[in-house]
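**Student:** What follows is a predicted protein model with its sequence.
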Amino acid sequence: MADTVKAAGSVALDAPKKLKAKDFKSSQEVRWCPGCGDYAILAAVQSFLPELGLEREKIAFISGIGCSSRFPYYLNTYGIHSIHGRAPAIATGLAVSRPDLSVWVVTGDGDALSIGGNHLIHALRRNVNLKILLFNNRIYGLTKGQYSPTSGSGTLTKSSPMGSIDAPFNPLSLALGSEATFVARTLDSDRAHLQSVLRAAAEHEGSAFVEIYQNCPIFNDGAFEVLKNPETRDESLIRLQDGEPIAFGDKVVVQSGYGLQVKDASEVDAADVVVHKTDVDDPAYGFALSRLSGVALDHTPIGVFRNVKRPTYDHGVRTQVDEAATGVDRKEALDRLLASGDTWTVL
Amino acid sequence: MNTVRQLDRVVIRFAGDSGDGMQLTGDRFTAETAKLGNDLSTLPNYPAEIRAPAGTLPGVSSFQIHFADTDILTPGDQPEVLIAMNPAALKANLGDLKSGGTIVVNTDEFTKRNLTKVGYAANPLEDDSLDDYQVHPVALASLTIAALAEHEVSKKDAERSKNMFALGLVSWMYSRPTEATEEFLRGKFKSKPAIAEANIAALKAGWNYGETAEAFAVRFEVPPAKLKAGNYRNITGNTALAWGITAAGVASGLPVFLGAYPITPASDILHELSKHKRFGVTTVQAEDEIAAVGAALGASWGGSLGVTTSSGPGIALKSETISLAVSLELPLLVVDVQRAGPSTGLPTKTEQADLLMAMFGRHGEAPIAILAPQSPSDCFDIMLEAARIALNYRTPVMVLSDGYIANGAEPWRLPEPADLPDLSVEFATEFNGVDKAGEPVFLPYLRDPETLARPWALPGTPGLQHRIGGIEKADGTGDISYDPENHDHMVRTRAAKIAGVEVPDLEVDDPAGDAEVLVLGWGSTWGPIGAAVRGLRDKGVPIARAHLRYLNPMPKNTAEILARYERVVVPEMNLGQLALLLRGAFPGTDVVGYNKVRGLPFTSNELQDALEEVIKNG
């Protein structure tokens, strides 16, 4: 784009240099249900965005369809509220063609994992420079309460009155299996943790996949309560810290067979406790971490699971184009192209 | 000494097994013919399977070329010369050959086993079944192998060069130069010089065989055609289309972004554009058709010329995203290289049955502009026009090519650089309105009063941050709006924007001005209709013709032209899709359809007969 559009700073309408959370609020009235976890995420994102150090016009949020996908309307950045499941595809086109922008995708469990599953896995596989925030509430909210691809088997909903038969996805396992280079999980209600994960995601070069457990007070209230309630959270929530042994409550995580296992700290030699590392090249480690908890949320790690370096797709694409296009006079090149190969002249 | 006889036109068909290299042979003969200055038109015809079982009827691949000393419009109805590389090729193509036509046949493949495979009880070369034709039995494979005895190539590689032997022989028969093909072979087999030299030797051996074998007493010449002065090249529709997209990028100053997923017969556009990164063209081979159009739309939002290319089944998948583009009012080029459907249909065969999908195949009221190229070289111009409309009106534009145009080739007079239109775009950079409090704001849906296009503000433009989406937008502000009146207004405005797209008038060709019947076509039927009309006029039958390159909106004078004629015949390779649109838009018109869906273009003879029937008997 640099050759056709003036540099952003050269235009008169300069944004304020020191931005605050309020600068990222749009004029639109926020219309989620009272008590929705999306409010907390929105507030956390708005107060985090100034940290990017970017002008507002350099940020784009692209969403699909669902409650979470209303997100872009409420941010004073550029935004598209697109169609169901397709946000990663649309965002790929933007990120590949506009390296000057910070491109974020906001999606939900139905949007990203059901109708849009293909685009999600391919964006992660390619390592497109996108920050993908998946609000997982384990239910379809906007369509009024059907089971989603992250609902546990047996979930009773309007479309599954005798209990859903589907086996759910583990979103992090899926992301890791899709060759994601950055995978993290956080909670809607823990602003400090959420922002720390957003920070790490923003700093990551390439696709960053962030699952945010988000409460739907209307159709799936309390789905993540066990991780939030002071009485249960210490035994359920594992806060991953890079370089630190994985321990929570009176429990620790150790290697076991091909995977990991939770044990009482008292039964384990301190040297055997797994020390968390986000830069382990083999995705099997992150995968094992992701399998510590299932639908039951019994031992649920939050934080950054994996953060490794791999060339990004958009950079690769642009490098090829730039190499080929540098110094080329396009009009002249077009004439040469048209006249290439076998031509003849009629007098 | 051979006799040389002058001809004004010839139709030759090369036919063989999918693995025999008939498309390459045909391409090279075409290049030689173009170089000689004949006008020409080609029709490749090949199976969907990459390698159908060898020697079977479904595995036959053919390439037809019509060349002449005058301008021609079609690849020819019936070949006069058939090159048959095996019994299957003979059997599959004999029915099309003109009575008295010439057959060059590769006798090496006429074994009992191969004959049985295609249901020949007796060898047609040995009974009287080919008495109506001039048959030249040539042991193409063994002659090639013998000619390459001194070459350091395996027997298998030597045998594989037999298509070049055949090309050499036919080039001799029709006095075509072979130097360019020799150069081509050296380039193609750059890393395998022994193979290159073997092919060149086979080509020369074929030529020399024609010169020395007494079987070929006559050779032919087709003098150059008197074409308009200029520089020419031969071009297929898909190449012209890809170059048109490239040229639209140059003419607009925008980077081109192609999102595409491989599909026959559109993949060659992706291949071609992937080679043109030096023009700032980005190609993304997406994970599916939906992602392909999604990425193109995302890039359009960011200020690229977003393009997606596919065929019918892929366009169906893109439909929801095209509707989003209608709502977002962003430029987007959508190319549908139509093939015979529904579903997988006949993926390598042509059809025009996606017109109504292009018009109506979206949810909601989602009008878009629709254009159709009428010949291979017209694909270049049509993409410039599509880009003009998409950029000026901020709308998706669908271009309906088809398999016939995509793979067919014709000579193309190269445009001068000055012929490129100026497609430059002004992006929004400043506030364009005030809010309720009187503060200056950016209104993303404030329209240009002339075109009804909305401003295109690129992400990255300071101060103009805005959100757009699929939910209905309030006129002007673009904010979410569920207001009934606003929705009605926006639906009508989007429709009015497309209805108001400026397109050139329809030109009617009615030389004597006394015709009562108009033949009106669209897309790739242009050539066959033209040849049929020419045939009728030669017989003194009056007929008028017009061809729609702009299908939505149609040219403003369409109604006036249709009203001049008692009847309007509409030949289409579908069951009457344009006819349906015409009956709806111009109810007083007596529309007579002529419809065939055989996966093949119309022949000019059948069209001539059909038109004459309407003229004489109504």
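**Tutor:** Thanks, I have it.
**Student:** Counting neighbours, show which residues of stretch B:87-98 come out buried.
**Tutor:** B:P87, B:A88, B:A89, B:L90, B:K91, B:A92, B:N93, B:L94, B:D96, B:L97, B:K98 (16 or more other Cβ atoms under 10 Å in any protein chain shown). (Each C-beta comes from the backbone N, C-alpha and C, glycine too.)
**Student:** Can you tell me the closest non-neighbouring residue to the most centrally placed residue in chain A?
**Tutor:** Closest residue to the average C-alpha location of chain A: A:I132 at 2.4 Å, with Cα atoms, centre = their mean. Distances taken as Cβ to Cβ, 6 or more residues apart in numbering or on different chains put A:V105 closest to A:I132, at 4.5 Å, once the chain neighbours are dropped.
**Student:** what sits against that neighbour?
**Tutor:** The contact partners of A:V105, by Cβ atoms under 8 Å, 6 or more residues apart in numbering or on different chains, come to A:F61, A:I62, A:S63, A:A87, A:P88, A:A91, A:A123, A:L130, A:K131, A:I132, A:L133.
**Student:** Quick check: bridge partners of it?
**Tutor:** A:I62, A:I132 (DSSP bridges).
**Student:** Which members of the buried residues of stretch B:87-98 occur in strands, if any?
**Tutor:** Per DSSP state E, strands hold no members of those.
**Student:** Now flag whichever of these is closest to A:V254.
**Tutor:** Looking at the buried residues of stretch B:87-98 and their distance to A:V254, the nearest is B:A88, at 68.0 Å (Cβ to Cβ).
**Student:** now the closest one: how far from chain A?
**Tutor:** Going from B:A88 to chain A by Cβ to the nearest Cβ, to the nearest Å gives 31 Å.
**Student:** I'd assumed A:C216 was in contact with A:G37.
**Tutor:** Yes: the criterion here is Cβ atoms under 8 Å, and A:G37 meets it with A:C216 at 7.1 Å.
**Student:** Give me the common contacts of these two.
**Tutor:** Each of A:N137 lies in contact with both A:G37 and A:C216 under the rule Cβ under 8 Å, 6+ apart.
**Student:** burial measure for B:S171, as a count.
**Tutor:** 22 (other Cβ atoms under 10 Å in any protein chain shown).
**Student:** ok but B:V568 is inside a helix, no?
**Tutor:** No: B:V568 sits outside any helix when classified using DSSP: H, G, I helix; E, B strand; the rest coil, being strand.
**Student:** How many residues are close by it?
**Tutor:** By other Cβ under 10 Å, neighbour count at B:V568 equals 24.
**Student:** Now find how far off-centre the helix or strand encompassing A:T92 is within its chain.
**Tutor:** Assigned by DSSP states H and E, A:T92 belongs to helix A:87-97. Centre-to-centre, helix A:87-97 and its host chain are 14 Å apart (Cα atoms, centre = their mean, to the nearest Å).
**Student:** Packing partners of that helix?
**Tutor:** Where contact means 3 or more Cβ pairs under 8 Å, 6 or more residues apart in numbering or on different chains; DSSP states H and E, helix A:87-97 is packed against strand A:59-63, strand A:102-108, helix A:117-126, helix A:313-325, strand B:256-260, strand B:282-285, helix B:289-301.
**Student:** Can you say which of the ones you listed is nearest to A:K22?
**Tutor:** strand A:59-63 (15.4 Å).
**Student:** What lies in contact with the closest one?
**Tutor:** Contacts with strand A:59-63, where a contact means Cβ under 8 Å, 6+ apart, come from A:49, A:52, A:69-72, A:75, A:77-82, A:87, A:90-91, A:94, A:98, A:101-107, A:111, B:298, B:459.
**Student:** Next, the angle helix A:87-97 makes with that strand.
**Tutor:** Relative orientation of strand A:59-63 versus helix A:87-97 (axes from the mean of the first three to the mean of the last three Cα atoms, to 10 degrees): 150 degrees.
**Student:** low-scoring pLDDT stretches of the chain, where are they?
**Tutor:** Going with chain A. For chain A, applying pLDDT under 70 flags the ranges A:1-17.
**Student:** wait, I meant chain B there
**Tutor:** Scanning chain B for pLDDT under 70 picks out B:1-2.
**Student:** Give me the domain ranges for it.
**Tutor:** Following automatic domain parsing, chain B resolves into domains at B:3-221, B:233-419, B:426-482, B:508-617.
**Student:** Out of those, which is the most enclosed?
**Tutor:** Most buried of the domains of chain B, by mean neighbour count (mean count of other Cβ atoms under 10 Å in any protein chain shown): domain B:233-419, with a mean of 24.
**Student:** Just the terminal-to-terminal distance for that one.
**Tutor:** 17 Å (Cα to Cα, to the nearest Å).
**Student:** residues from the stretch 101-250 of chain A in reach of chain B?
**Tutor:** With Cβ under 8 Å from any Cβ of the partner chain as the criterion, the stretch 101-250 of chain A comes near chain B at residues A:L101, A:N118, A:H119, A:H122.
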